[in-house]
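Student: 3D, please:
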Amino acid sequence: MGLKKPYIVFIDDKMAEKSKTREITITEQGGAFNAIFKKFKSEKTDFDFEGLGILRKLLSNEKARLLSVVKNRKPGSIYELARILKRDFKSVNEDIKLLERFGFVDLIAEKTGRRERLRPILAVDSMYIHVKL
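Tutor: The predicted model follows:
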């Protein structure tokens, strides 16, 4: 659950962050679509979706709205994110956990006194979906 290091490239002795892209490949097999979610090149395995059900959940309008708020408003916690979105904390927490599982967000643990809060940050900046028939 720690901060993942982005890919770094040196250009003219200055650091430049490389694009962090996720790939999803959808293939037709025996009359059904299957999806494979590619991890970053440095990670060892890919995710294999069971059909498109999880992909549909992952790419909903609510998740897009949530990602937009994380990117643009940079909330300090999941609770703050839920408040900005005017949604139930439990629902936002479930959505964030799903997005974290598939590498769209990272959760950074921060201590505030005796409490620990999780700050969501965007882990990708683009996504490509390929459909192979």
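
Student: gap between the two ends of stretch 119-127?
Tutor: 22 Å (Cα to Cα, to the nearest Å).

Student: again with stretch 55-65
Tutor: 16 Å.

Student: please shift the residue numbers so they start at 6 in all later answers.
Tutor: Happy to do that; since the first residue is 6 now, the last one works out to stretch 60-70.

Student: tell me which residues of it are tucked away?
Tutor: Neighbour counts over stretch 60-70 (16 or more other Cβ atoms under 10 Å) mark L60, L63, K68 as buried. From N, CA and C alone the C-beta is placed, and that goes for glycine too.

Student: nearest to V97, of the residues you listed?
Tutor: Ranked by distance to V97 (Cβ to Cβ), the buried residues of stretch 60-70 are led by K68 at 10.5 Å.

Student: now the element after the host helix or strand of that closest one, going C-ward?
Tutor: Taking DSSP states H and E as the definition, K68 sits inside helix 66-78. Counting by DSSP H and E, the next helix or strand C-terminal to helix 66-78 is helix 83-90.

Student: just checking, what packs against that next one?
Tutor: Other helices and strands packing on helix 83-90, by 3 or more Cβ pairs under 8 Å, 6 or more residues apart in numbering; DSSP states H and E, are helix 66-78, helix 94-106, strand 120-127.
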